[in-house]
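> Let me see the structure of the following:
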Amino acid sequence: MTVTAIVGANWGDEGKGKMTDVLAAKSSYVVRYQGGSNAGHTIINEYGKFGLHMLPSGVFYPHVTNVIGTGTALDVNVLVSEREALLARGVPEPKLAISDRAQVVLPIHRLLDELEEERLGARSFGSTKQGIAPFYADKYAKLGVQVADLYDEERLRRRLQQMLEAKNVLLTHLYGHQSLTPEDLMPALLEQGEKIRPFVCDTAQMLNEAYRKGEGILLEGQLGALRDPDHGIYPFSTSSSTLAGFAPVGAGLPPYAISQVVAVVKAYSSCVGAGPFVTELAGQEAEELRRRGGDAGEYGVLTGRPRRVGWFDAVATRYGCMIQGATEIALTNLDVLGYLDQIPVCIGYQLADGTVTDQFPVSAKLDEAKPVLQHHKGWNCDITGIRSFEELPEAAKRYIEIIEVTARVKVKYVSVGPKRDQLITRNL
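Residues are numbered from 1 along each chain as shown. From the prediction side, this is the model:
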């Protein structure tokens, strides 16, 4: 078995949850290696429909060990509530392992996230207010709290005291909020520690042993390439690396361990949150695509916000596949486009100075960019029951070929509906 990373090629919301769920069936471990509860993966199976925010997407398979890796922003309350919700709906007890080196999202991180978004108002970055940016700021400022700290009361108190010395200045002087003490946070954190104690271990050691034995490991990314803080649409990015290159770091595996990178690409474009989005549609055209998209319309799994939608963006997708190091593409939501006579595809951007480029530019040049569109014949039929590439209408095959040529990566998986079995697997 190989180590495979599943990542998003665009803004997130590409359908990674379904693909992780499908590929987890052949894996021994599914690992969350970055991000926190600030995004969600939708999964539909025999137990029902689920939106996972903190748990890895392999939790529906009893044979899979689901790992919260060191690079993850662990929100204990969300994880515990999600696990309890699964059990309440008849899902078998999932195997769970939490890195003792992972860091914990604290109540003050959520508080600061909310206060800052309120302060920014119309200038906000579209935060989900889950505390992710303050969490990662503290992590890299060496002010964070590791899971292991939850089991050493005196050390935890010292860590909180050091953090709060600076935070209280912000709370009182910038936001007009009352200051906090370690004692305000300690009881809840110690209780959280006890709730997750049975699952805490050295996950890096566990995964390296599994890798040496040749067991299947699936590394599950959150969001997409264009939300990466280094290579994405900064500052409208998330606060951790969304790239497959970070996956070994966040999981604790060697950098050479990954042999496959599955870039998940949607057959059209969508995103939740602020930032430049060149192919974005508006009005009735957007509402029609949004209504038909996803499994119940294009709305954020966590926020419920209507997703911004647009036509397939070959410029952004080629760039996303490149920086992800994609070895293959999983194309999702192809069935959604079956209502169109002509399907527009963005093949270039016209920039503010009038030049046209097929290269994805820096954020400063994206704001005024306009899409250069090509139109391709649609297939005008329902393809949700098709299970082989050969059975697809010629126009749908042609559309897949266009995506392969423009992205410069072969399409191995084609999703034609939200359920597990609505998937075409090609032999490449």
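
> Might one say that K129 is in contact with E114?
Yes: using Cβ atoms under 8 Å, K129 makes contact with E114 at a distance of 4.9 Å. Where C-beta positions appear, they are placed from N, C-alpha and C, glycine not excepted.

> Looking at those two, which one has more neighbours?
K129 (20 against 16; other Cβ atoms under 10 Å).

> and that one, what does it touch?
Each residue near K129 by Cβ atoms under 8 Å, 6 or more residues apart in numbering is listed here: R110, D113, E114, E117.

> ok, how many other residues are close to the last one?
Just to be clear, that refers to E117. The local packing of E117 (other Cβ under 10 Å) involves 17 other residues.

> pretty sure it is in a strand, no?
No: checked against DSSP: H, G, I helix; E, B strand; the rest coil, E117 lies outside a strand; its state is helix.

> and E191, that's in a helix?
Yes: E191: assigned to a helix according to three-state DSSP.

> That one and V76: what is the separation?
Relative to V76, E191 is positioned 9 Å away (Cβ to Cβ, to the nearest Å).

> for A210, same thing?
Relative to V76, A210 is positioned 25 Å away (criterion: Cβ to Cβ).

> my guess is D149 contacts L156, does it?
Yes: under the criterion of Cβ under 8 Å, D149 lies in contact with L156, with a separation of 4.9 Å.

> For the stretch 201-350 of the chain, just list every one of the strands.
Ranges of strands within the stretch 201-350 of the chain are 217-224, 258-266, 269-271, 308-310, 312-313, 328-332, 342-350, based on DSSP state E, counting those that start in this stretch.

> Give the partner strands of the last one in its sheet and their orientations.
Looking back up the chat, that one is strand 342-350. With DSSP bridges as the criterion, the sheet partners recorded for strand 342-350 are strand 312-313 (parallel), strand 356-357 (antiparallel), strand 370-377 (antiparallel).

> what mean pLDDT would you report for that strand?
Per-residue confidence for strand 342-350 averages out to 97 on the pLDDT scale.

> returning to that earlier point: what's the closest of the strands paired with strand 342-350 to K412?
Evaluated with Cβ to Cβ, those place strand 312-313 nearest to K412, the distance being 17.7 Å.

> one step back: mind putting the strands of the stretch 201-350 of the chain into TSV with distance to E288?
Written out in TSV, the entries for these read as follows (distance: least, Cβ to Cβ, whole Å):
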stretch	distance to E288
strand 217-224	24
strand 258-266	16
strand 269-271	13
strand 308-310	9
strand 312-313	16
strand 328-332	19
strand 342-350	13
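
> Out of the ones you listed, flag the one nearest N427.
Within those, the stretch nearest N427 is strand 328-332; the backing value is 11.7 Å (Cβ to Cβ).

> so what strands line up beside that closest one?
Paired with strand 328-332 in the same sheet, following DSSP bridges, are strand 258-266 (parallel), strand 411-415 (parallel).

> mind checking how far the first one is from the chain centre?
With Cα atoms, centre = their mean, to the nearest Å as the basis, the distance from the averaged C-alpha position of strand 258-266 to the chain average is 13 Å.

> what angle separates that strand from strand 217-224?
40 degrees (axes from the mean of the first three to the mean of the last three Cα atoms, to 10 degrees).

> and strand 258-266, which residues are buried?
I258, Q260, V261, V262, A263, V264, V265, K266 (16 or more other Cβ atoms under 10 Å).

> Mean confidence (pLDDT) on that strand, please.
Averaging the model's pLDDT scores along strand 258-266 yields 97.

> Pull it out as PDB, backbone CA atoms only.
Output for strand 258-266, consisting of C-alpha atoms alone and laid out as PDB, is shown next (Å, rounded to 0.1, in the frame of the first residue of the first chain):
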ATOM      1  CA  ILE A 258       3.900  10.300  -0.200                       C
ATOM      2  CA  SER A 259       3.700   8.500  -3.500                       C
ATOM      3  CA  GLN A 260       0.300   9.700  -4.700                       C
ATOM      4  CA  VAL A 261      -1.300  13.100  -4.600                       C
ATOM      5  CA  VAL A 262      -5.000  13.100  -5.500                       C
ATOM      6  CA  ALA A 263      -6.100  16.700  -6.400                       C
ATOM      7  CA  VAL A 264      -9.800  17.000  -6.000                       C
ATOM      8  CA  VAL A 265     -11.300  19.300  -8.700                       C
ATOM      9  CA  LYS A 266     -14.900  20.400  -9.100                       C
END
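
> got the buried residues of strand 258-266 as TSV, with distance to V372 columns?
Converted to TSV, the buried residues of strand 258-266 look like this (distance: Cβ to Cβ, whole Å):
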residue	distance to V372
I258	34
Q260	33
V261	28
V262	28
A263	23
V264	25
V265	19
K266	20
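
> Looking at those residues, which one is closest to L281?
For the buried residues of strand 258-266, the closest approach to L281 (Cβ to Cβ) belongs to K266, at 13.9 Å.

> Could you pull up the residues touching the closest one?
The neighbourhood of K266, defined by Cβ under 8 Å, 6+ apart, consists of N10, D13, E14, G15, F312, L331, T332, N333.

> Report the buried members of those.
So, by 16+ other Cβ under 10 Å, the buried ones in these are N10, D13, E14, G15, F312, L331, T332, N333.

> any idea how far T42 is from the spatially closest residue to Y299 that is not a sequence neighbour?
Excluding the flanking residues, the one nearest Y299 by Cβ to Cβ, 6 or more residues apart in numbering is P306, at 5.8 Å. Going from P306 to T42 by Cβ to Cβ gives 15 Å.

> now the residue located most distally from the centre of the chain: how far from P182?
Distance from the C-alpha centroid of the chain, by Cα atoms, centre = their mean, peaks at E154 (35.3 Å). The spacing between E154 and P182, counted by Cβ to Cβ, is 11 Å.

> Mind jotting down where the helices sit in the stretch 101-250 of the chain?
Remark: helices of the stretch 101-250 of the chain, listed N- to C-terminal, are 107-120, 132-140, 153-169, 182-196, 203-212, 247-251; assignment by DSSP state H, counting those that start in this stretch.

> OK, contacts around the residue nearest to T203 when sequence neighbours are not counted?
Once flanking residues are discounted, T203 sits nearest to S99: 4.2 Å by Cβ to Cβ, 6+ apart. Neighbouring residues of S99 by Cβ under 8 Å, 6+ apart: V67, I68, G69, T70, T72, V147, V200, C201, D202, T203, A204, G252.

> any idea of the angle the strand or helix carrying T42 forms with strand 217-224?
Per DSSP states H and E: T42 is located in strand 41-45. Interaxial angle of strand 41-45 relative to strand 217-224 (the same axes, to 10 degrees): 120 degrees.

> Alright, I will stop here.
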